[in-house]
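**Student:** Predicted model follows, preceded by the sequence.
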Amino acid sequence: MATAPEKSISALFADKLKVDLPYFFTTKNEPIYNYIETIKLLINKYKRTRNYEAIYEIVLVGEVMLLS
């Protein structure tokens, strides 16, 4: 069973997605599509501004959350 990510990692990811931290822990049965679309939009925004460091951080945070 996967363990929950550290609070600091969750907070960082929430900041990147521009959502509140409780957004990840609600028990609503909303589709994960919103998370995926938000990440896609954020990455596309950073691609347009050529902010590749921000894209790298998004990917890095996502990997850390998956490996935790």
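**Tutor:** Good, I have the coordinates.
**Student:** Tell me how far stretch 54-68 lies from the chain's centre.
**Tutor:** 8 Å (Cα atoms, centre = their mean, to the nearest Å).
**Student:** Any buried residues in that stretch, and which?
**Tutor:** 54-55, 58, 61, 65 (16 or more other Cβ atoms under 10 Å). No exception for glycine: its C-beta is placed from N, CA and C like everyone else's.
**Student:** Now do the SS call for the most centrally placed residue in the chain.
**Tutor:** Taking Cα atoms, centre = their mean, the centroid of the chain lies closest to Phe13, which sits 4.3 Å from it. Following DSSP: H, G, I helix; E, B strand; the rest coil, Phe13 is assigned to helix.
**Student:** That one and Leu60 touch, don't they?
**Tutor:** No. Counting by Cβ atoms under 8 Å, Phe13 does not reach Leu60; the two are 10.2 Å apart.
**Student:** Select from the buried residues of stretch 54-68 every entry located in helices.
**Tutor:** Among the buried residues of stretch 54-68, the residues falling in helices (DSSP state H) are 54-55, 58, 61, 65.
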